[in-house]
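Q: Have a look; sequence and predicted model below, questions after that.
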Amino acid sequence: MSGLSRRQFLRWGLPAGLGLAGAAAAATGKEAAAPMPPGMAHPNPTQYTGARPVPTERQAPDAMDPMQILTAFDYGKVTRSSNGGVQREYTVTAFDLEIEVAKGVKFPAWTFNGTVPGPTIRCTEGDRLIIHFRNEGAHPHSIHLHGIHPANMDGVFEIVPPGGRYDYELTADPFGLFLYHCHVMPLKKHIHKGLYGAFIVDPKTPRPPAKELVMVMNGFDTDLDGKNEFYAVNGIANYFADHPIPLQVGEPVRVYLVNILEFDLINSFHLHGNVFTLFRTGTSLTSSEITDTVMLCQGERCVLEFTYHHPGRFMFHAHQSEFAELGWMGMFDVRPPARTA
Amino acid sequence: MGSQDETLATPDLGARSVWRPGAWLLILLPVAVLVAMVVLFLAKGEVLVGKSPIPPDALLKIEFERVVFRPGEIIATVRNTGPDAVTIAQVTVNEALWQYAVSPGTSLTRMQQGLVTIPYPWEAGDPVEVKLITSNGLVFTKKVDIAAETPRPSVKALGAFALLGIYVGVVPVYLGFLWFPFLRRVRERWFHFFLSLTAGLLIFLGVDALKEALEAAGKVPGAFKGVGIILIGVSVGLLGLMAVGERTMGRARAGAPGGERLALAYLIAAGIGLHNLGEGLAIGAAYALGNIALGTFLIVGFTIHNTTEGLGVVAPVARDGVRLRHLLLMGLLAGGPTVLGTWIGGFTYSAVWSVLFLALGAGAIFQVVYELIKLMVRDAREAAGTVANFVGLIVGLGIMYLTGLLVQL
């Protein structure tokens, strides 16, 4: 109990039932890839300006599972491209969905594939990527990827109206940790409503094996006053405080950390009882720093690598105390090395 | 139907015939139609008036009625004053999500009251901001500028509040009575000067009470319609005291000479007493809510301000002389309610009661002013509009204004 404040103790004493039972079936890749027009010919989105599609009964996850987002990677449907390289096809659908952003608090979100953040798109440097984007939301949307790609694949001018589609085609370059988000104006609105996700481009020579975790730092302005009521990692305030992430002593851990927090100027990540090797933006395999706290502006990313030396519960949280106390707080449950079990 | 036709055709029917069985139907007819309409609207309102473009969830509302500070605990009394049921899903204190419990439950139906208990190590003197976040993400905020432990009814606290009430209410009235021997000596013309001065004092008090009532009405949850409460309070205060006044003044006029003026003095004492009840309520509440540091300066201010009330009570009887018994009673009538007010305000503050008592006081005082002026006019044989009276009134207002500068809650 030594390191525990009364408040933390009280918090943990809360009944664990967050009402999140049931596996959240993220909609990643569930839809068949739409027929691809040959070459770079993309359907003109304006031809889809018909009426908003009748909202089909979505079997959306009745509760998001940040734990699932933590470890799920969408590698796409892999085929060989014409020049013999790897081609990956992803399907990302934007639609409106009410999600739970803190215990008992519902938020009318705009989602990619029904979760906030959306699916983590993962590939290897040099892969040919095709992202089939469908807009089944009530507002125009787009996918803006960070990284190197042609102008018409940037998701800024090619706005996809409700009912429209667009296929993004690009070669993954360079390797590193990126993100994607909707780039339709008003940008603040489209981002804070939940249209974002992580985009990982692995180097050709893979990073050393490790337990890999995706953490997208976000927030929610539930009363729409331009300030966040809740702060979170992967979508639900205090989720990882109530559901600690299991780790093993000596186990190498890699965190892909993305900051997409809207309204607040910066965000940060602080690790308890440990230090991490920091790879800013993940675009180099040479570490820039060994530290325990990193500060990120909106849109900034970094890769963290660490290994726990001691068993027990270790906190990680934003080192803005306000964010931490409004939901951006989590735990690692580090278990002793499996000797006997 | 025949009886109805008859009733309609002969409007000059005697009072008795109105109450015939057929007439009862006529009384009930509009009520029945009204009930039918209400039922229809409740069932099919959306069809009849169209669907509102505003999502109903956006209109939910919770209002704070009272925040109590206990050691290590904050207790907020809240009420759902919105159009629909509301569920409290999260609570923050000073921008941190916090543990809480709501009694009777996190879901409150329309107009239902809930008690939100938050275990929180608050610091005395610090500002505290409590936010309730509803299940649909709306935020309702209460900010307390200075946190202080809420006094609990105990012998000690009752005593402390009573003392406060005595300082600001009772003592000043009796102090004012000390002008009585002086008033006894002034000549007729000056006597009227002091009567109009009293009128000035009272008018100021009445307007002040009305202003306080309007201010407090702003803190009353909208659904309670604070201004409506003021209207009822002022009317009841005014007409109630008028009814009492008619009886006592009338009886006094028929009795011994000077009895009418004694009755008026009692009426003034009663009016001021009602006003002081409201004032005590405000002082007690302000003290308890931690909204003010009730310093000695403020107590001194109220004492000076209220001393003039004593002068007002005894002015009408200055010419006749009065028994000590009456003086003691009138002082108690005028000042005593302050103590009662501080108790009510200090222990069970509710903006609704504050508004009601302040409005009652205002109404009562306006009625007393009316009686006072009536007496002066009759006394002066219609020649009441003298320069002395005018100056008296202005001086009365001026005294209240200047001493009022000393009290700023």
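A: The structure has been received and is ready for your questions.
Q: tell me which element whatever residue of chain B ends up closest to chain A is part of?
A: In chain B, the residue that lies nearest chain A is B:Gly137 (2.5 Å; CB to the nearest CB). To be clear about C-beta, it is placed using only N, CA and C from the backbone, and glycine gets the same treatment. Under the criterion DSSP states H and E, no helix or strand holds B:Gly137.
Q: Find the closest residue to chain B in the stretch 151-300 of chain A.
A: Chain B sits closest to A:Thr222 of the stretch 151-300 of chain A, with a gap of 2.5 Å, by CB to the nearest CB.
Q: Show me the strands in the stretch 101-250 of chain A, by range?
A: Counting by DSSP state E, counting those that start in this stretch, the stretch 101-250 of chain A has strands at residues A:105-112, A:121-124, A:128-135, A:144-145, A:165-171, A:176-181, A:196-202, A:211-220, A:230-233, A:245-248.
Q: can you tell which of those strands is closest to B:Ile88?
A: Of all the strands of the stretch 101-250 of chain A, strand A:105-112 sits nearest to B:Ile88, with 10.0 Å by CB to CB.
Q: rewinding a little: and the residue of the stretch 151-300 of chain A closest to chain B, what are its phi and psi?
A: Backbone geometry at A:Thr222, expressed as degrees, to the nearest 10, gives phi -70, psi -30.
Q: and it, what is it in contact with?
A: A:Val101, A:Val105, A:Phe107, A:Glu229, A:Phe230, B:Ile133, B:Asn136, B:Gly137, B:Leu138, B:Val139 (CB atoms under 8 Å, 6 or more residues apart in numbering or on different chains).
Q: same thing but at 7 Å, please
A: Counting by CB atoms under 7 Å, 6 or more residues apart in numbering or on different chains, A:Thr222 touches A:Val101, A:Val105, A:Phe107, A:Glu229, A:Phe230, B:Ile133, B:Gly137.
Q: about what we covered before: which of the strands of the stretch 101-250 of chain A sits most buried?
A: strand A:230-233 (a mean of 29; mean count of other CB atoms under 10 Å in any protein chain shown).
Q: which stretches of chain B have low pLDDT?
A: Where chain B drops to pLDDT under 70, the residues are B:1-19, B:45-46, B:48, B:188-189, B:223, B:253-257, B:288-298, B:381-384, B:407-409.
Q: what residues go with each domain of chain A?
A: A:61-202, A:209-335 (automatic domain parsing).
Q: now check the longest one, is it near chain B?
A: Spelled out, it's domain A:61-202. Yes. Residues of domain A:61-202 contacting chain B under CB under 7 Å from any CB of the partner chain: A:Ala102, A:Lys103, A:Gly104, A:Val105, A:Lys106, A:Phe107.
Q: show me where pLDDT drops low in the stretch 51-200 of chain A?
A: A:51-63.
Q: can you give me the helices for it?
A: A:66-71, A:187-192 (DSSP state H, counting those that start in this stretch).
Q: residues in contact with the last one?
A: Among residues not part of helix A:187-192, those counted as contacts by CB under 7 Å, 6+ apart are A:Trp110, A:His141, A:His181, A:Cys182, A:Val184, A:Asp221, A:Ile260, A:Glu262, A:Phe263.
Q: Please produce a ChimeraX select command covering the buried subset of the residues you listed.
A: Those of these that count as buried under 16 or more other CB atoms under 10 Å in any protein chain shown are selected in ChimeraX with:
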select /A:110,141,181,182,184,221,260,262
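Q: And for B:Leu340, nearest residue in space, chain neighbours not counted?
A: B:Leu277 (6.1 Å; CB to CB, 6 or more residues apart in numbering or on different chains).
Q: Report how many residues lie close to that neighbour.
A: Neighbour count of B:Leu277, defined by other CB atoms under 10 Å in any protein chain shown: 26.
Q: do the same with the one 4 residues further on
A: Applying other CB under 10 Å, we find 30 other residues in the vicinity of B:Leu281.
Q: For it, which three-state class applies?
A: What DSSP: H, G, I helix; E, B strand; the rest coil gives for B:Leu281 is helix.
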